[in-house]
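1. quick one: sequence plus predicted model below, questions after.
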2 protein chains.
Amino acid sequence: MRIGSLAERTGTSRRLLRYYEEQGLIGSTRSANGYRDYAESCVDKVIQIRGLLDAGLPTRVIREVLPCMDTPRAIRISAATNDTIALLEGERDRMAERIRCLERNRDAITAYLEAVRFEAVRAAQSDELQLANPAEAVVSAKGA
Amino acid sequence: MRIGSLAERTGTSRRLLRYYEEQGLIGSTRSANGYRDYAESCVDKVIQIRGLLDAGLPTRVIREVLPCMDTPRAIRISAATNDTIALLEGERDRMAERIRCLERNRDAITAYLEAVRFEAVRAAQSDELQLANPAEAVVSAKGA
DNA sequence: TCAAACCTTTTCATTGATGTGAAGGTCAAG
DNA sequence: CTTGACCTTCACATCAATGAAAAGGTTTGA
């Protein structure tokens, strides 16, 4: 597959794909004319890279982590030195911490949105009944 | 609390705290001499900001999201326009997507590490029994 | 009171990482 | 031959973060 197809199928620019290759995140062979030729698996790989970058992981970490999830499920054990293992454990823990942080904040946003919806309903009912002023409503949620 | 204490208690540099204030992420009052004075709640807030930035959220988003989680649990409903709500829902969904991506990859790393550990045990046992060569071991995990 | 040590202020400049634009050239198909 | 996809390379944009200079406030102790 050439770079245009890969770009289209992954929703990234050709420029960015060349950049990822420069950063050692993806690989490609070259056709006789010098054009890059990508494996089918690159599609998933690029999507995964996009997700990890968007989740805040630096390319350096992604470079280390990606080989552990090769899509033709072959796990290279031999290349795992003790240093690599320690490094991966560290990154796994940092990922877990990121997940916790995001979950906390996602839940807080969810709770806020629910409170807003609840308040909107309450204000509408109040409006219906007695034409009350819904402005400046501040709800103190001591319980939550 | 002055900037030095806050820096020490949050593990960030003074410089960075001024930067966050410049970016509208935290606030401070000023003493008579011009020194910044921070509320106690700023400690948690800064830690939360660090977590969100580390998780890949841009300051723009954090600025919007933070007011929804004020620590004296007062939820300001009034300031929630329809635009704000839509924006928050979008960010919540993006957070959820990040979480899924990180979970997938954390699990993949975990599985890899377990496979490595398993392989290490197997190689050790093999060593004990027949002095086998453990180098270049590649395990094809078709089942997983 | 003087001074040294330390904290704070603002401001300008820079770094590092991710990503993009565009120029100038090659290749291949209509 | 023209068009469109691809190549390399240099430069630029953006964002988070940092460095350093220059100036002033605060504290402590001789």
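-> Arrived safely.

2. contacts only, for the residue of chain A found nearest DNA strand D.
-> DNA strand D sits closest to A:G4 of chain A, with a gap of 2.7 Å, by C-beta to the nearest atom of the strand. Placement of C-beta: from N, CA and C, glycine included. Going by C-beta atoms under 8 Å, 6 or more residues apart in numbering or on different chains, A:G4 touches A:R14.

3. so what does it look like in phi/psi?
-> Backbone torsions of A:G4, given as degrees, to the nearest 10, read phi -60, psi -40.

4. quick check: the gap between it and DNA strand C.
-> A:G4 sits 12 Å away from DNA strand C, going by C-beta to the nearest atom of the strand, to the nearest Å.

5. next: A:Y19.
-> In terms of C-beta to the nearest atom of the strand, A:Y19 sits 4 Å off from DNA strand C.

6. cool, and A:E114?
-> Distance from A:E114 to DNA strand C, by C-beta to the nearest atom of the strand: 32 Å.

7. what ranges do the helices span in chain A?
-> A:3-10, A:14-22, A:42-54, A:59-65, A:82-130 (DSSP state H).

8. quick check, the shortest one touching DNA strand D?
-> This points to helix A:59-65. No: taking C-beta under 7 Å from any atom of the strand as the criterion, helix A:59-65 and DNA strand D are apart, separated by no less than 13.6 Å.

9. what does that helix rub up against?
-> Against helix A:59-65 from outside (C-beta under 8 Å, 6+ apart): A:23-25, A:49, A:52-53, A:57, A:84, A:87-88, A:91, B:105, B:109.

10. mind redoing it with 6 Å?
-> The contact list for helix A:59-65 (C-beta atoms under 6 Å, 6 or more residues apart in numbering or on different chains) reads A:Q23, A:G24, A:L52, A:E91.

11. in that helix, which residues are buried?
-> For helix A:59-65, the neighbour count (16 or more other C-beta atoms under 10 Å in any protein chain shown) marks A:V61, A:I62, A:V65 as buried.

12. any idea which residue sits dead centre in chain A?
-> A:G51 (3.2 Å; C-alpha atoms, centre = their mean).

13. nearest residue to that one in space, ignoring adjacent ones along the chain?
-> Closest residue to A:G51 apart from its sequence neighbours, by C-beta to C-beta, 6 or more residues apart in numbering or on different chains: B:C101 at 3.8 Å.
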